[in-house]
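Trainee: Only the shape, not the letters, is given here:
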């Protein structure tokens with residue numbers, strides 16, 4: 001039981017951390033022994049969590065200088081214009097590519113509704129998580 005909690009915590013943390021997100025979280029936790037369903041669920045939750053945190057605490061986060069500077073850089077991402085023009089569809093496609101943190105900051109900065117931002121990013125993260133888990137599982141099984 002403690003091993004499962006430990007592995008889910010690793011999946012969650014790696015999914016939450018801006019540089020690793022689901023691309024590292026799912027394969028790492030599966031290689032460490034977590035089943036693919038749990039890896040997708042916990043890494044996806046970790047990857048999605050920054051989006052509501054940014055949306056609800058955007059003003060407070062911007063006041064802290066180091067984080068505010070980083071978030072301003074994220075909001076001026078090269079994908080911002082595409083997200084502004086196409087909204088929901090672009091978030092579906094770009095969330096795993098540019099990351100949950102960047103999508104949350106850009107979505108909040110351009111004034112997307114919470115519903116559109118949360119729904120599109122959650123679906124995107126979960127869908128890409130399933131693909132990553134399948135490919136990781138296939139790769140692990142291939143080399144055994």
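Mentor: Perfect, I can see it now. Keep in mind it's a predicted model, so treat the numbers as computed, not measured.
Trainee: C-alpha only now, for contacts and for neighbours.
Mentor: OK.
Trainee: Which of the helices or strands spans the residue most central in space within the chain?
Mentor: Centroid-nearest residue in the chain, with CA atoms, centre = their mean: residue 47, separated by 3.1 Å. Assessed by DSSP states H and E, residue 47 sits inside helix 36-48.
Trainee: Would you mark the buried spots in that helix?
Mentor: Under the neighbour-count criterion of 16 or more other CA atoms under 10 Å, helix 36-48 has 36, 38-48 buried.
Trainee: Where do the helices of this structure begin and end?
Mentor: 2-16, 21-31, 36-48, 50-63, 65-75, 80-86, 88-98, 100-110, 114-142 (DSSP state H).
Trainee: mind putting those helices in JSON lines, mean pLDDT included?
Mentor: Formatted as JSON lines, the helices of the chain follow (pLDDT from 0 to 100):
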{"stretch": "helix 2-16", "mean pLDDT": "92"}
{"stretch": "helix 21-31", "mean pLDDT": "90"}
{"stretch": "helix 36-48", "mean pLDDT": "94"}
{"stretch": "helix 50-63", "mean pLDDT": "84"}
{"stretch": "helix 65-75", "mean pLDDT": "77"}
{"stretch": "helix 80-86", "mean pLDDT": "76"}
{"stretch": "helix 88-98", "mean pLDDT": "80"}
{"stretch": "helix 100-110", "mean pLDDT": "81"}
{"stretch": "helix 114-142", "mean pLDDT": "87"}
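Trainee: List the residues that contact residue 80.
Mentor: residue 106 (CA atoms under 8 Å, 6 or more residues apart in numbering).
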